[in-house]
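Enquirer: only geometry, no sequence info:
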C-alpha cells in the first residue's frame with residue numbers, strides 16, 4: 001500500500017513544516033530516546049508484564065528485524081488484531097521501525113469484517129490472538145485463508161499453538177540480546193511524511209472507508225493532546241478504550257511522546273479500573289460518559305484511592321450535566337470533553353481552566369494548531385449561534401481515503417478543508433457545540449430535529465440512566481421521534497411521565513411520539529450509541545403496531 005496519486009499537496013507540506021507541526025522525526029526516534037535515556041522507567045503494564053522503556057524498545061527492534069527478514073517492506077501492510085496487551089504496542093512500533101504501514105482493528109471484529117480489511121488493504125501479514133474472550137481466532141482464520149491468498153505471514157499470541165503458527169509472545173519474551181543488523185534496520189526507518197497506517201471508519205452506512213495517515217498526521221494528534229491535557233513524563237495513563245480503535249492507539253503513542261507510563265486494561269471493568277487507578281497512581285484516562293456512569297455506580301466508590309487522578313477526558317457523546325455534577329462530587333481530577341475523529345485526530349476540547357458545568361454540552365475551543373469552520377449548505381461560514389456542518393483543517397487531518405476517489409471528492413474542499421459530517425454551532429466565544437451527525441438528522445413534517453437536543457433533556461429525568469432519540473418512518477410526516485430509554489435500577493418510566501417532563505423544556509414538534517424501554521443501548525467499543533442498530537431494534541418492536 002502506497003500513498004495514492006496525486007501525492008500530498010506540496011503547499012500543505014510547506015505550511016505545516018514551516019509552522020513546526022510537521023517534523024523530520026517520528027515516534028521511533030522518541031521511543032529510542034526514551035530507551036537510551038530512561039531504560040528502567042516503566043513504559044507499559046498490562047496485567048501480565050511490566051516493561052521498562054529499554055525492554056520495550058528491545059522487543060520492538062527485535063520484531064522489526066524479523067519483519068525485514070520476512071521480506072516485508074513499504075508496499076506491504078501488517079494487519080494487527082489484538083486486545084489491550086503489551087504486544088500491540090510492540091507490534092505497532094515494530095512496523096513503524098521497519099517502515100511498513102500497519103492497520104490495527106478491533107479484537108471484536110469477526111470473519112466478515114476481517115476478510116474485508118485484509119482484502120481491501122492487501123495485507124501480507126496478520127498478528128492476532130489464538131483465543132480471547134472465548135472466541136477462537138484460529139478457527140476464524142482457517143475459514144479466511146483461502147479468501148485472502150496475499151496473506152503470507154501469520155503471527156499468533158496464545159498458549160499451546162499448532163506448529164505451523166509463529167509464536168509471537170514466545171519470540172518477544174525470549175531473554176537475551178538478539179542478533180540484529182542495526183545499520184540495515186536503521187536504513188529502513190521511514191521519513192515522517194511516509195505512510196504510517198491505515199484505519200477503517202465505522203461503516204454505519206455501508207462498507208467502511210480506509211483512512212490514510214502519515215507519521216506526521218498521526219503524531220501531531222498525540223503531541224497536541226499531550227500539550228492540552230498536561231501529559232508529561234510524570235503522568236500515568238490508563239487505557240481501557242480498545243487499542244484496535246483510533247483513540248486507544250493514540251493513547252499508546254501519547255505515552256511514547258511524553259515518556260510516561262501507560263497501563264493497559266484488557267477489557268473495561270469499572271471496579272478493576274478503579275483499583276488500577278489506586279495501585280498504579282493513574283493521572284489520566286479517556287472514556288465515554290457511559291464508563292463514568294459505570295464507575296459512579298460501583299458500590300462503595302469511596303473506598304478506592306483516586307487521589308492521583310488529574311484529568312478525565314470524555315468523548316463520543318455529550319456528558320450529561322447530572323453525570324458531570326456527580327463526577328465532580330465523588331471523583332477527584334478535572335473533567336474535559338473532547339471532539340475528535342479518525343480522519344482528523346483531535347480538533348477541540350474544553351480546557352482544564354474551564355468550569356465543566358458551565359461548558360456542559362460544549363466541546364471547547366479549537367486546538368490552536370487546528371482550524372474549525374461551521375458552514376451552511378451554500379458553503380459560507382455561519383454566524384455565531386447558527387448550525388451548520390463542521391469543517392476541519394490542520395496538521396493531524398488525514399491525507400485522504402485509500403482507493404476511494406468519490407469519498408475524497410465529497411469530503412475535501414478545493415482548499416483542503418475536511419467535511420466532518422457533524423452539525424455544530426460556534427458561539428461568540430469560539431466554543432463549539434456538536435448538535436448531531438448530519439446523517440442522523442430527523443426531519444418531521446419538514447422541520448429539522450437534532451436528536452442530541454432531545455437526549456440532553458432526557459438525561460435530566462431522575463429515572464433515566466441512558467437515553468437516545470431516533471427517527472422512525474411515518475407515511476404522513478416523513479419521520480417521527482422515538483425516545484429509547486434505559487431506566488435506572490428499580491425504576492419504571494411511562495410515556496405520559498416522559499412527555500410531562502419534556503413539554504416545558506423543548507419545542508412541541510420535537511417531543512417524542514414513541515417510547516421504548518430497553519435493557520441497554522447498542523454501543524460501539526468506544527461507547528458511542530449505534531443509531532443504526534438502535535433504529536432497527538425500534539422498528540422490529542413496532543412491527544406488531
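Expert: Right, received. Where do you want to start? A quick note: this is a predicted structure, and the numbers were derived from the prediction, not measured.

Enquirer: Not counting sequence-adjacent ones, nearest residue to the residue nearest to the spatial centre of the chain?
Expert: Against the mean C-alpha coordinate of the chain, by C-alpha atoms, centre = their mean, the closest residue is residue 247 at 3.1 Å. Among residues not flanking residue 247 along the chain, residue 241 sits closest, at 5.1 Å (C-beta to C-beta, 6 or more residues apart in numbering). The C-beta positions use only the backbone N, C-alpha and C, and glycine is treated the same way.

Enquirer: mind listing what the one you found touches?
Expert: 247-248, 251, 268, 286-287, 525-526 (C-beta atoms under 8 Å, 6 or more residues apart in numbering).

Enquirer: Am I right that it sits in a helix?
Expert: No - under DSSP: H, G, I helix; E, B strand; the rest coil, residue 241 falls outside any helix and is assigned coil.

Enquirer: First residue to last residue on stretch 497-515, what's the distance there?
Expert: Length of stretch 497-515, first residue to last, C-alpha to C-alpha, to the nearest Å: 11 Å.

Enquirer: One more: stretch 8-23?
Expert: OK, stretch 8-23 end separation, C-alpha to C-alpha: 15 Å.

Enquirer: What residues of the lowest-mean-pLDDT helix or strand in the chain count as buried?
Expert: Ranked by mean pLDDT, DSSP states H and E, the helix or strand of the chain with the weakest confidence is strand 447-449, at a mean of 75. Neighbour-count burial for strand 447-449 flags residue 449 (criterion: 16 or more other C-beta atoms under 10 Å).

Enquirer: Name every strand pairing with it and say which way it goes.
Expert: Paired with strand 447-449 in the same sheet, following DSSP bridges, are strand 442-444 (antiparallel).

Enquirer: Now the partner strand: buried residues?
Expert: 442, 444.

Enquirer: Please give the centre-to-centre distance between that strand and its chain.
Expert: Between the centre of strand 442-444 and the centre of its chain there are 29 Å (C-alpha atoms, centre = their mean, to the nearest Å).

Enquirer: what does it contact?
Expert: Contacting residues not belonging to strand 442-444 are listed as 448-451, 469-471, 474, 477-481, 509 [C-beta under 8 Å, 6+ apart].

Enquirer: Please identify which two of the residues you listed are farthest apart in space.
Expert: Pairwise distances across those peak at 17.8 Å for 450 and 474 (criterion: C-beta to C-beta).

Enquirer: more neighbours, those two?
Expert: Between residue 450 and residue 474, residue 450 has the larger neighbour count (other C-beta atoms under 10 Å), namely 20 against 13.

Enquirer: Using the record's assignment, carve the chain into domains.
Expert: The record assigns the chain these domain ranges, following automatic domain parsing: 27-190, 224-369+391-417, 445-542.

Enquirer: Out of those, which gets the lowest mean score?
Expert: Within these, the stretch with the lowest mean pLDDT is domain 445-542, showing a mean of 88.

Enquirer: Need the distance between the two termini of it.
Expert: Start-to-end span of domain 445-542 (C-alpha to C-alpha) is 21 Å.

Enquirer: what separates that domain from the chain centre, distance-wise?
Expert: Using C-alpha atoms, centre = their mean, the offset of domain 445-542 from its chain centre is 25 Å.

Enquirer: ranges for the helices of the stretch 351-500 of the chain?
Expert: 405-411, 451-458, 495-502 (DSSP state H, counting those that start in this stretch).

Enquirer: Same check on the stretch 101-250 of the chain?
Expert: Along the stretch 101-250 of the chain, counting by DSSP H, counting those that start in this stretch, helices occupy 111-121, 137-144, 168-173, 182-187, 215-228, 246-258.

Enquirer: how about a markdown table for the contacts of residue 241, with distance to residue 42 added?
Expert: Output for these, formatted as a markdown table (distance: C-beta to C-beta, whole Å):
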| residue | distance to residue 42 |
| --- | --- |
| 247 | 22 |
| 248 | 19 |
| 251 | 16 |
| 268 | 22 |
| 286 | 20 |
| 287 | 22 |
| 525 | 26 |
| 526 | 26 |
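
Enquirer: for these, which one is nearest residue 415?
Expert: Nearest to residue 415 out of the contacts of residue 241 is residue 247 (C-beta to C-beta; 28.3 Å).

Enquirer: any idea how far residue 288 is from that closest one?
Expert: Residue 247 is 10 Å from residue 288, where distance means C-beta to C-beta, to the nearest Å.

Enquirer: for residue 364, same thing?
Expert: Taken as C-beta to C-beta, the span from residue 364 to residue 288 is 17 Å.

Enquirer: go on, residue 542?
Expert: Where residue 288 is concerned, residue 542 sits at a distance of 28 Å (C-beta to C-beta).

Enquirer: Between those two, which has more neighbouring residues?
Expert: Neighbour tally, residue 542 and residue 288, criterion other C-beta under 10 Å: the higher count belongs to residue 288, 23 against 13.

Enquirer: Now, the contacts of strand 442-444 that are in strands?
Expert: 448-449, 469-471, 474, 478-481 (DSSP state E).

Enquirer: can you redo those as CSV with distance to residue 197?
Expert: Listed next are the ones in strands among the contacts of strand 442-444 as CSV, based on distance: C-beta to C-beta, whole Å:
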residue, distance to residue 197
448, 37
449, 38
469, 35
470, 33
471, 35
474, 43
478, 41
479, 38
480, 42
481, 39
